[in-house]
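Peer 1: Build me a model:
(one chain, ligands or ions: 1)
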Amino acid sequence: MTMKLYLYQHCPFCIRPRIVAGFKKIPLELIFLANDDEKAHLDLIGKKQVPFLQKENGNFLIESLDICQYLNNFDRKPILSQEIVTTDTLIKLISDINNASKSVVYPRFINHPQNHQDFPTQSAKDYFEHKKEKYIGCFKANLRFPQASIDKTTPLLDVLNTFLTHPFASGDQLSWDDIMLFPVLRNLTIIQDLITIPSKVKHYIKNICQLTGIQPYQ
Ligand SMILES: N[C@@H](CCC(=O)N[C@@H](CS)C(=O)NCC(=O)O)C(=O)O
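Peer 2: Residues are numbered from 1 along each chain as shown. So this is what the prediction gives:
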């Protein structure tokens, strides 16, 4: 049985296992769930959370990093270190970029054509909007007035730009840093018309997309 990865297109946690599988060319059936399809999640794993992987033996594995570990060791040719290691400084920067940008990124998710499988109906869009507005405020207002969020995100990307030296960006190897960082940067491609992405960060996104076959937002 081919392994099945259940996921959303827009979910950054779901991008993590796609990086490993894409890089290693591990065949995976991708099953995109509608955002409001609570039943599908509950029937399969008993809680509403993606990503989850159905292994060849039929058992389910949840938690993105556990799935990455499993895929990393799957063919006994690991490409990532056995231990999940990323510096606290990088984790904080990733979290700051995500927090600064989410009020403009999230509202764009629901109407982007590349996310159609996540939000195939108005009900799925409403479900997401209702859930996320508790954290980021009104979607419509955020879409109309994105500048404050852009102004917070831009200097953080400039800091990140100075981080992006070897092994990032240039190499053809992956590290746990890439698993943590790339999904948040891929999110930012949905606001690339609003924000200036510094050159090394841009190159990094393009490089990881090429290495993994994951599409940026276009
Ligand atoms: N710790 C989990 C977090 C996964 C997570 O938060 N997934 C979100 C989607 S981005 C989710 O399933 N939210 C529930 C929902 O769809 O309502 C992991 O790393 O896999």
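
Peer 1: make it CA atoms for all contacts and neighbour counts henceforth
Peer 2: Fine.

Peer 1: hmm, what's the outermost residue in this structure?
Peer 2: Distance from the centre of the chain peaks at Asn57, with 26.5 Å (CA atoms, centre = their mean).

Peer 1: Return the residues of the protein in contact with the ligand.
Peer 2: Within the chain, the positions lying close to the ligand (CA under 6 Å from any ligand atom) are 11-13, 35, 48-51, 63-65.

Peer 1: hmm, 8 Å instead?
Peer 2: 8, 10-14, 35-36, 38, 48-52, 62-65, 128, 131 (CA under 8 Å from any ligand atom).

Peer 1: from the residues you listed, which ones fall inside helices?
Peer 2: 12-14, 38, 64-65, 128, 131 (DSSP state H).

Peer 1: Of these, which count as buried by neighbour count?
Peer 2: 12-14, 64-65, 128 (16 or more other CA atoms under 10 Å).

Peer 1: what two of those have the greatest distance between them?
Peer 2: Maximum pairwise distance among these (CA to CA): 23.7 Å, between Leu65 and Phe128.

Peer 1: returning to that earlier point: name the nearest of the ones in helices among the residues of the chain next to the ligand relative to Gly213.
Peer 2: For these, the minimum distance to Gly213 (CA to CA) is 14.2 Å, reached by Cys14.

Peer 1: That closest one and Phe52: what is the separation?
Peer 2: 8 Å (CA to CA, to the nearest Å).

Peer 1: Ile19 too?
Peer 2: To Phe52, Ile19 is 15 Å away according to CA to CA.

Peer 1: Is Met1 in contact with Glu56, as I believe?
Peer 2: Yes - at 5.3 Å, Met1 counts as touching Glu56 under the criterion of CA atoms under 8 Å.

Peer 1: Does anything pack onto the longest helix seen in the chain? Which helices or strands?
Peer 2: Scanning the chain for the longest helix, with DSSP H as the assignment, gives helix 88-109. If contacts are counted by 3 or more CA pairs under 8 Å, 6 or more residues apart in numbering; DSSP states H and E, helix 88-109 sits against helix 122-136, helix 139-144, helix 147-163, helix 176-188.

Peer 1: Contacts for the second one next, please.
Peer 2: Spelled out, that is helix 139-144. Residues outside helix 139-144 that contact it (CA atoms under 8 Å, 6 or more residues apart in numbering): 103-104, 106-108, 129, 133.

Peer 1: how about stretch 205-216: buried residues?
Peer 2: Using 16+ other CA under 10 Å as the test for burial, stretch 205-216 gives 205-209, 211-212, 214, 216.

Peer 1: Can you pick out the most distant pair from these?
Peer 2: Maximum distance among those (CA to CA): 12.4 Å, for Leu211 and Pro216.
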